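[1] here is my input, please return the structure:
(3 chains)
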Amino acid sequence: MSATTEPRITDIGPPHYEKYLHPLIKKNYGQWKYHENLAPGVYCHVAESGDRIYTVRAGTPRLLSVQTLRIFADLADKYSGGYLRFTSRNNLEFLLDDPVRIEPLKQELIALGYPVGGTNNAISNIVHTQGWIHCHSSATDASGLVKCTMDALYERFTHEDLPAKLRIAVACCLNMCGAVHCSDIAILGVHRLPPKIQPTLPRVCEVPTLIAACPTGAIRPAVVDGKHSVTVVEQQCMYCGNCYTVCSAMPMNDADNDGLSIWVGGKVSNARSAPTFSKLAIPFLPNNPPRWPEVVEAIVKIVDVYAKHARKYERVGEWIERIGWPRFFQLTGFEFTRYHIDDFKHAALTYARSAHVRY
Amino acid sequence: MPDHKPKTELLDELEKGPWPSFVKEIKSAGQTSASAQDLLRQLELSYQEKKGHWKHGGLVGVLGYGGGVIGRYSDVGEQFPNVAHFHTIRVNQPAGWFYTSDAIRTLCDIWERHGSGLTNMHGSTGDIILLGTRTPELEPTFQELAQAGFDLGGSGSSFRTPSCCVGMARCEWACYDAMRLCYDLTMAYQDEMHRPPFPYKFKLKCAACPNDCVAAIARSDLSIIGTWKDEIQVDESAVTEYASAGLNIQKDVCDLCPTKCMAWDGHKLGIENHECVRCMHCINVMPKALRPGKGRGAVLMIGGKAPIMQGALLSSVLVPFVAADELLDTVKELLRRIWDFWDEYGNNRERVGELIQRVGLPAFLDGIGLDPIPEMVSAPRDNPYIFYQAAKDGAK
Amino acid sequence: MPVFEINGNSYEVDEDGFLQEPERWNHEVAKDFANTEAITDLTEEHWKVIDYIRNYYLEFGIAPMVRKVCKETGHKLSEIYKLFPSGPAKGACKLAGLPKPAGCV
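    Sure thing, here's the model as predicted:
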């Protein structure tokens, strides 16, 4: 460790947001009256003062190089007085005070390959995790799944023609960084084999922590070659990978058996119905890079069936709630299997506990 | 710099198609960064083998901090030496993810000097993610960031970097100043963020209205969700305008109201405000005509989390309403009590929501000194297995 | 497996410099590892923390939770960071010869 002469700066926290706010935003902060959706990807917010701020939204891959970020900075200088922001779904937004600049900015973004849209009843950008780019426990890649899914749903991003908002998320394992478990459609990487215990376990892992990390109690203490180690009761393992997170000697990755599951009908918004978790639609699809055709086909299928059958303002979950799950499986053609029936804690709460059956 | 371009036949497929390509981004960073090139090579191998090549998380950081850096090592480091060490730095984002072009360039310059030149804008929790560098670069990167006014975010068993929606900066529905509250709480708990003190992670998110654009309810231990107490503000002439522009107010607004608290007689919209649950649907549909009331604040909800380990939880109501100007003090007091209880009774790697599941909400309420109220449950219990206290301690 | 060499001693360590041969640990080993953690002199205060963590580990097989370390040694967390600049997990546990503490990233 080299000694520095200057005192180190610590605990200063993030920069204060105020210094990054467009002057018009600063002036009308907390004084917004209403907004209009001028076109897909374009909002106009009107303040009590009559001031108007225009937002142009574009999709990004989230994984951004400094070269691309500098291009965004240049665009902001050229069109929006240097002011830009990102959204919670990895979109880029430019904040303009002059509506004349909207169209040229849109054209330049599109020419650079960044689609304008993602607002209102469009499919917004996909929230996702690190996948093979940077994660130790991933069952699949996330960026690649996002790319090929959004390639197929491109027109759904640039047009607002769905019955309601549709939020897609990708998580590369059960850890689910991001709100994958409450998405209209979620793509989830899954393992299907128990961890493979490595002989280094006793010296690299805390055995009691490891045992406590298993949600089903499948990991049991054992003495191996005179040292404290563990065994795995394989029938009790549901492949969550939490053991690997606390112990590097329990790897889960398996090229042939890892894959994807698809979940539908979750939401976080309180509008109309309460926030809810996504439910299992497809228990397993093969991990098939680089373009995951089976996954893309399934997602497009769900979106198309939803677009055709849902009523205006119905989110995916609300639509399925109305038509019933049997009809969802019938319309999508997805097979209903034993895996769709919950058999973990409180599973009985998900069983059909009434004689309400649609014929 | 390696003098040959990585051969990446599989990843090249992901440069095709209309959606912007992350592969192009890695290649673009690879023009000036050997680690970005090796990242591409290792990723191609992952695509060939259908397997990740990152080892289990490492433990690296900067002095004085117990988090903010995610250590990462390649399991094929000999093959790809420039990503043998590929640590990620979490940088606390400005509230609302607002930037100037200069701020972006400053971050880029620092990261080009010290790392792969690849970023995530942003990570799931909200931080700016600087993706990939070596241990000796951590301290210089940290100090250059600090000189530029940036600091690290949270990792491990810490107060994780709070995040918020755009709030009052550009949304008429903001029921409290989410960006300010997010900033103030971030500043108040720098110690808890940088020096992990808890049994496990603790996340906090500020959503300024019940639309919850930051998914606070699904992924934060304390979810602060804006709402209002008084009547929805109605601009009657604007309602009429919507109707004459073709909006079917009966079908698209009244019929979809979850409590059916609205009535439309063809001229006037009537709202039974005491029946309204502040779901936002009618306001979302008619933003020019309807607005949240003026008595604004937030509902505080507790326990949201993803599945690991005892299953996913949505946050549930802890305090049904706190006025906007009392939010900072109330949240701080509540956090103190919650953290004290969690510190005392929480197991290692047990989220607050799981602790509440384990000990029961009534015991948790006792612990933090809140009275039980019907707003906290969707319904009273339906099982008769009640642990009566009267016989034990003489209480009523 | 990387090897950490100092003062004529060599130790098997993981990537993050944690000792992989727990049975070799003693105070001299701790002193050797102090050099990697920006600690110049191990004081009585240091030993109180190190020995507590070590004994806890020997008894329970895990690193103690942070709050336990603070409570049992009487140090505030900020003081622990003063003693071990890279913190209780990376700093103190390493000197106490524990395997890398498990935690969530």
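[2] and the residue of chain C found nearest chain A, how many neighbours does it have?
    Closest approach between chain C and chain A, counting by Cβ to the nearest Cβ: residue C:102, at 3.6 Å. To be clear about C-beta, it is placed using only N, CA and C from the backbone, and glycine gets the same treatment. Burial measure for residue C:102: 23 neighbouring residues, criterion other Cβ atoms under 10 Å in any protein chain shown.
[3] and for residue A:236?
    Neighbour number of residue A:236 under other Cβ under 10 Å is 14.
[4] same check, this time on residue B:378
    Around residue B:378 there are 8 residues (other Cβ under 10 Å).
[5] and it, what does it touch?
    By Cβ atoms under 8 Å, 6 or more residues apart in numbering or on different chains, residue B:378 lies in contact with nothing.
[6] look at it and report its pLDDT.
    pLDDT, residue B:378: 95.
[7] what's the separation between it and chain C?
    In this view, residue B:378 and chain C are 30 Å apart by Cβ to the nearest Cβ, to the nearest Å.
[8] again with residue A:138
    13 Å.
[9] mind listing what the closest residue to chain A within the stretch 251-396 of chain B touches?
    Per Cβ to the nearest Cβ, residue B:306 is where the stretch 251-396 of chain B lies closest to chain A, at 4.0 Å. Counting by Cβ under 8 Å, 6+ apart, residue B:306 touches A:175, A:176, A:177, A:180, A:181, B:219, B:312.
[10] could you find the closest non-adjacent residue to the last one?
    Beyond its immediate neighbours in the sequence, the residue positioned closest to residue B:312 (Cβ to Cβ, 6 or more residues apart in numbering or on different chains) is residue A:181, lying 4.6 Å away.
[11] how many residues are close by the one you found?
    27.
[12] I figured it hits residue A:278, correct?
    Yes. Using Cβ atoms under 8 Å, residue A:181 is in contact with residue A:278, at 5.9 Å.
[13] where do the contact lists of the two overlap?
    Counting by Cβ under 8 Å, 6+ apart, the residues touching both residue A:181 and residue A:278 are A:263, A:266.
[14] paired strands for the helix or strand encompassing residue B:270, with orientation please.
    Taking DSSP states H and E as the criterion, residue B:270 maps to strand B:269-271. Applying DSSP bridges, strand B:269-271 is found paired with strand B:262-264 (antiparallel).
[15] could you list the low-pLDDT ranges of chain C?
    Within chain C, the segments meeting pLDDT under 70 span C:103-105.
[16] can the helix ranked longest in chain B be said to contact chain A?
    Determined from DSSP state H, the single longest helix within chain B is helix B:327-345. No. Helix B:327-345 stays clear of chain A (Cβ under 8 Å from any Cβ of the partner chain), getting no nearer than 14.1 Å.
[17] quick one: contacts of that helix?
    So helix B:327-345 is contacted by B:176, B:181, B:184-185, B:188-189, B:192, B:197-199, B:202, B:222, B:224, B:297-298, B:300, B:302, B:318-319, B:322, B:352, B:355, B:359, B:364, B:367-369, C:67 (Cβ under 8 Å, 6+ apart).
[18] now that helix: buried residues?
    B:327, B:328, B:330, B:331, B:334, B:335, B:338, B:339, B:341, B:342, B:343 (16 or more other Cβ atoms under 10 Å in any protein chain shown).
[19] roughly how far does the fourth one sit from residue B:322?
    Distance of residue B:331 to residue B:322, computed by Cβ to Cβ, to the nearest Å: 8 Å.
[20] any shared contact partners between the two?
    residue B:300.
[21] for whatever residue of chain C ends up closest to chain B, what are its contacts?
    Using Cβ to the nearest Cβ, the closest approach of chain C to chain B is made by residue C:87 at 3.5 Å. If a contact means Cβ under 8 Å, 6+ apart, then residue C:87 has B:61, B:65, B:66, B:195, B:196, C:80, C:81 as its contacts.
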